[in-house]
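A.B. asks: fold the following and give me the result.
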Amino acid sequence: MRISINHKILPKAVIIYGLGRAGKTVSQFLLDKGVKVFAYDDNPEIQEEATVRKLRQNPNFKFLPKPNSVINQTEIDMIIVSPGVSDQVPLLQTLKNKKIPIIDEIEFTAQFIAKPIIAITGTNGKSTTTALIASILTTDGKNVFAGGNLAPGQPFSSALLADEKDFYVVEVSSFQLERCYSFSPHIALLLNITEDHFDRHHSKEEYVALKFRLVAHQKKNDFAIVNFDDPIIKANLNKIPAKTFYFSIERVVDGTYCQDEMIYYQGEPVLSVAEIKIPGKHNLKNVLAAICATKIIGVENSSIEAAITKFTGLPHRLELIREIDGIRYINNSMCTNPEAAINSLQAVPKPIILITGGKEKKLEIADYLRAIVGNAKYTILIGENRYRLKQALIKLNYKDLAVADSLEMAIAIARQKATKGDTVLFSPGFASFDSYANFIERGEAFRNAINNLA
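C.D. replies: Got it, this is the predicted structure:
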């Protein structure tokens with residue numbers, strides 16, 4: 001379904017469904033413009049938060065405590081929904097029948113941004129690539145907004161409350177793309193597509209289609225940058241209307257590629273692979289994607305090299321917390337799917353004591369299990385699916401494992417099993433919601449526990 005939206009024409013009244021960080025900033029922007037805002041959140045206690053209390057002081061803001069309060073609003077001409085809210089929620093099904101546009105904050109915000117938007121999606125690597133591009137552009141003297149799905153970070157809508165930037169670098173998730181119907185970034189990066197979020201998206205085909213929404217509405221004078229090594233992306237190249245560039249670690253392509261330990265853009269040497277600080281082939285691909293985007297803009301090699309050689313990664317992504325008695329403790333809490341977990345096992349120094357497990361997302365895990373068997377000296381299983389993982393690993397005749405009922409217990413076991421030269425890798429491979437609010441809270445728990453070790 002394609003929803004027609006009057007670009008840059010403000011609605012008269014809007015429902016904000018979900019008062020998270022994006023919902024609050026969109027609400028503030030709309031209120032500043034004199035728009036009526038009706039806000040609903042499944043958690044009625046959120047109206048007592050300081051930011052929401054400030055919003056409630058505006059006479060045009062009304063907090064709706066019950067779902068039927070939303071349904072009964074007859075003057076609404078747009079609904080902006082938090083990406084965390086599934087389309088299967090009964091309330092949204094009812095609102096759809098009212099023929100009112102239901103969109104994401106990304107879709108709404110882009111209507112009011114005049115300068116170029118660089119948008120990044122993919123199953124893995126989105127945040128790192130977003131941060132890399134922003135760092136390169138900033139080093140080159142550009143005034144840059146970086147945000148979107150990036151966490152920790154700021155929602156795209158916060159750009160509406162700030163001064164205009166030269167470029168807007170935005171991470172976009174499949175949840176956000178569910179409700180984007182005309183979003184058209186000037187440069188779109190599609191990093192990779194592997195199984196994820198099948199607890200929300202009903203099939204591989206649906207998930208792939210959502211990822212390709214990032215490029216679907218681009219124009220011929222826009223640019224799409226895609227992973228030439230990804231078979232799913234290669235099979236769908238005909239869906240891209242924009243000028244397409246590629247990145248690859250396997251072959252020479254029209255874009256960025258590696259050859260003899262050097263990174264090239266269109267045949268021009270840009271950077272030595274040895275200068276990259278973030279580990280792993282998956283991060284090398286992220287660097288290639290970021291270089292391609294910034295070279296298209298016209299950034300000089302000197303700025304690219306200066307930014308990349310200083311970039312050591314983001315929190316909770318292969319983050320070295322401490323080294324104790326010759327043992328490295330690495331926090332990779334952002335790892336929320338098996339493919340990312342495989343990449344992390346291949347990226348860090350061996351021998352590896354692995355801490356893994358979390359909330360199920362109905363994903364295929366056979367490849368991850370084999371990666372554990374082939375790469376982990378010892379494995380400690382945590383989270384909702386710990387016993388499922390245990391039984392699956394035992395079937396593969398892998399017995400160097402333990403089950404822990406808490407992260408603290410897992411760390412204690414890891415410390416007993418690790419010896420000098422080992423890496424204790426916290427790489428869950430699954431979602432955090434069985435025990436934590438998000439991957440950040442989970443990663444902070446790991447960091448704090450490691451920092452408290454004597």
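
A.B. asks: what ranges do the helices span in the stretch 351-454 of the chain?
C.D. replies: 366-375, 386-395, 407-417, 439-451 (DSSP state H, counting those that start in this stretch).

A.B. asks: so for the helix or strand residue 23 falls within, what gets flagged as buried?
C.D. replies: Using DSSP states H and E, residue 23 sits within helix 21-32. If you call a residue buried by 16 or more other CB atoms under 10 Å, then helix 21-32 has these buried ones: 21, 22, 23, 24, 25, 26, 27, 28, 29, 30, 31. The way it works is simple: take the backbone N, C-alpha and C, and place the C-beta from them, glycine included.

A.B. asks: contacting residues around the last one?
C.D. replies: Shown in contact with residue 31 (CB atoms under 8 Å, 6 or more residues apart in numbering): 37, 55, 58, 60, 61.

A.B. asks: quick one: pLDDT of the closest residue to it other than its chain neighbours?
C.D. replies: Leaving aside its chain neighbours, residue 31 sits nearest to residue 58 (4.8 Å; criterion: CB to CB, 6 or more residues apart in numbering). Confidence at residue 58, expressed as pLDDT, is 97.

A.B. asks: ok, residue 439 - how many residues close by?
C.D. replies: Number of residues near residue 439 (other CB atoms under 10 Å) recorded here: 22.

A.B. asks: surely it is in contact with residue 432?
C.D. replies: Yes. The pair residue 439 and residue 432 qualifies as a contact (CB atoms under 8 Å) at a distance of 4.9 Å.

A.B. asks: which residues are contacting stretch 215-222?
C.D. replies: Applying CB under 8 Å, 6+ apart, the set of residues contacting stretch 215-222 is 182-188, 190, 224, 239-243.

A.B. asks: likewise stretch 110-118?
C.D. replies: With CB under 8 Å, 6+ apart as the test, stretch 110-118 has contacts from 5, 7-8, 133, 156, 159-160, 164-170, 183-189, 293, 297.

A.B. asks: list the buried residues of that stretch.
C.D. replies: Result for stretch 110-118 [16+ other CB under 10 Å]: buried residues 110, 111, 113, 116, 117, 118.

A.B. asks: again with stretch 392-405
C.D. replies: By neighbour count with 16+ other CB under 10 Å, stretch 392-405 contains the buried residues 392, 393, 398, 401, 402, 403, 404.

A.B. asks: what is the nearest of those to residue 272?
C.D. replies: Of all these, residue 272 sits closest to residue 398, with 38.0 Å by CB to CB.

A.B. asks: what about the nearest residue to the closest one once chain neighbours are set aside, distance to residue 357?
C.D. replies: What sits nearest to residue 398 in space, not counting adjacent residues and going by CB to CB, 6+ apart, is residue 373, at 4.7 Å. Residue 373 sits 16 Å away from residue 357, going by CB to CB, to the nearest Å.

A.B. asks: tell me which residues of stretch 248-267 are tucked away?
C.D. replies: Within stretch 248-267, judged by 16+ other CB under 10 Å, the buried ones are 248, 249, 253, 255, 256, 257, 258, 263, 264, 265.

A.B. asks: quick one: which of those residues sit in strands?
C.D. replies: If you go by DSSP state E, these have 248, 255, 256, 257, 258, 263, 264, 265 in strands.

A.B. asks: out of those, which comes closest to residue 348?
C.D. replies: residue 258 (20.7 Å).

A.B. asks: kindly provide the distance from the closest residue to that closest one other than its chain neighbours to residue 232.
C.D. replies: Once flanking residues are discounted, residue 258 sits nearest to residue 249: 5.1 Å by CB to CB, 6+ apart. Distance, residue 249 to residue 232, by CB to CB: 17 Å.

A.B. asks: try residue 59
C.D. replies: From residue 59 to residue 232 the distance is 50 Å (CB to CB).

A.B. asks: one more: residue 409?
C.D. replies: Distance, residue 409 to residue 232, by CB to CB: 38 Å.

A.B. asks: neighbour-wise, which of those two wins?
C.D. replies: Taking neighbours as other CB under 10 Å, residue 409 and residue 232 compare with residue 232 leading, 17 against 14.

A.B. asks: quick check: chain neighbours aside, which residue is closest to that one?
C.D. replies: Closest residue to residue 232 apart from its sequence neighbours, by CB to CB, 6+ apart: residue 193 at 4.4 Å.

A.B. asks: tell me the secondary structure at that neighbour.
C.D. replies: Three-state assignment for residue 193 (DSSP: H, G, I helix; E, B strand; the rest coil): coil.

A.B. asks: redo the ones in strands among the buried residues of stretch 248-267 as TSV? Include pLDDT and distance to residue 101.
C.D. replies: What follows is those, written out as TSV (pLDDT from 0 to 100; distance: CB to CB, whole Å):
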residue	pLDDT	distance to residue 101
248	98	39
255	98	36
256	98	38
257	98	42
258	98	44
263	98	43
264	98	44
265	98	40
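
A.B. asks: can you tell me which of the residues you listed comes closest to residue 420?
C.D. replies: residue 258 (33.6 Å).

A.B. asks: does the closest one really touch residue 252, like I thought?
C.D. replies: No. Taking contacts as CB under 8 Å, residue 258 lies outside contact range of residue 252: 9.3 Å.

A.B. asks: circling back to that earlier point, measure the residue nearest to residue 232 to residue 90 for me?
C.D. replies: In terms of CB to CB, residue 193 sits 30 Å off from residue 90.

A.B. asks: still on that earlier bit, just give me the closest of the contacts of residue 31 to residue 321.
C.D. replies: Comparing the contacts of residue 31 against residue 321 with CB to CB places residue 55 closest, at 37.5 Å.

A.B. asks: who touches the helix or strand hosting the closest one?
C.D. replies: Assigned by DSSP H and E, residue 55 belongs to helix 50-56. If you take CB under 8 Å, 6+ apart as the criterion, helix 50-56 is touched by 19, 24, 27, 28, 31, 37, 39, 46, 47, 61, 63.

A.B. asks: for the stretch 151-300 of the chain, which segments count as strands?
C.D. replies: Under the criterion DSSP state E, counting those that start in this stretch, strands of the stretch 151-300 of the chain are mapped to 167-171, 187-190, 223-227, 243-248, 255-259, 262-265, 268-272.

A.B. asks: what are the contacting residues of stretch 304-320?
C.D. replies: Under the criterion CB under 8 Å, 6+ apart, residues 127-128, 131-132, 135-136, 138-140, 152, 270-271, 275-280, 283, 287, 290-291, 294-295, 328-335, 344, 347-348, 439-440, 443, 447 lie in contact with stretch 304-320.

A.B. asks: cool, stretch 379-394 as well?
C.D. replies: For stretch 379-394, contacts defined as CB under 8 Å, 6+ apart pick out 353-360, 365, 369, 372-373, 398-407, 410, 413-414, 428, 430, 434-435.

A.B. asks: so where's the stretch 101-250 of the chain uncertain?
C.D. replies: Residues of the stretch 101-250 of the chain that meet the criterion pLDDT under 70 lie in 196-202.

A.B. asks: show me the contacts for the residue nearest to residue 232.
C.D. replies: When contacts are counted by CB under 8 Å, 6+ apart, residue 193 is found next to 122, 123, 207, 208, 211, 230, 232, 233.
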